[in-house]
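J.: No sequence on hand, only this structure:
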């Protein structure tokens, strides 16, 4: 069972089934590019500082989206599974952004100072958990859109929010 999208085509409503794979959270493959002359003078510490700040902002937004999904649990009579799907899709985009930034941080880590390496090491498990939990929520919702009131589904949002809070705490002093 996948997500459905309703389109208005020439005055007719058309329901299009989208497979759950459309919403899959994928881990980026980290690859080093060729060494360029600029890389010898690049300020990697400053780049890492910026990336960690961006991860902090992404984590704030993920936590906010997860809190919104969590608040739906108290208003289920007014909220549909499509509302959850929409928020989870936005959450997935933010989690993927954090994954890509983590990938870049891992590539430049060896030339960073110890404090930035420690921040990277502390955020990685939480980003991986947020990625996995978001994927699990999307997969569950795609298969059980009629069971969004069940405890198994309701547990995803607080878990994602907790992962995001850990990321925020770890990156609060980025710089």
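T.: Sure, I can see it. Everything numeric in this text was worked out from a predicted model, so none of it was measured.
J.: only C-alpha atoms for contact and neighbour calcs from this point on.
T.: OK.
J.: All the strands of the chain, residue numbers only.
T.: Remark: strands assigned in the chain by DSSP state E are 3-9, 12-18.
J.: And for residue 115, the neighbour number?
T.: 11 (other Cα atoms under 10 Å).
J.: Show me where this protein dips below the pLDDT cut-off.
T.: Filtered on pLDDT under 70, the chain yields the residue ranges 1-29, 32-40, 72-79, 147-151, 174-175.
J.: Same question for stretch 152-161: list its buried residues.
T.: Buried residues in stretch 152-161, counted by 16 or more other Cα atoms under 10 Å: 153-154, 156-157, 159-161.
J.: where's residue 30 relative to residue 83, distance?
T.: As for residue 30, its distance to residue 83 is 33 Å (criterion: Cα to Cα, to the nearest Å).
J.: For residue 84, give its distance to residue 60.
T.: Distance, residue 84 to residue 60, by Cα to Cα: 18 Å.
J.: Ok, residue 109 next?
T.: 23 Å.
J.: What is the burial count for residue 170?
T.: Neighbours around residue 170, by other Cα under 10 Å: 19.
J.: so what's it up against?
T.: By Cα atoms under 8 Å, 6 or more residues apart in numbering, the contact list for residue 170 reads 119, 122-123.
J.: Looking at neighbours, which among these is most surrounded?
T.: Using other Cα under 10 Å as the neighbour test, those are led by residue 123, with 23 neighbours.
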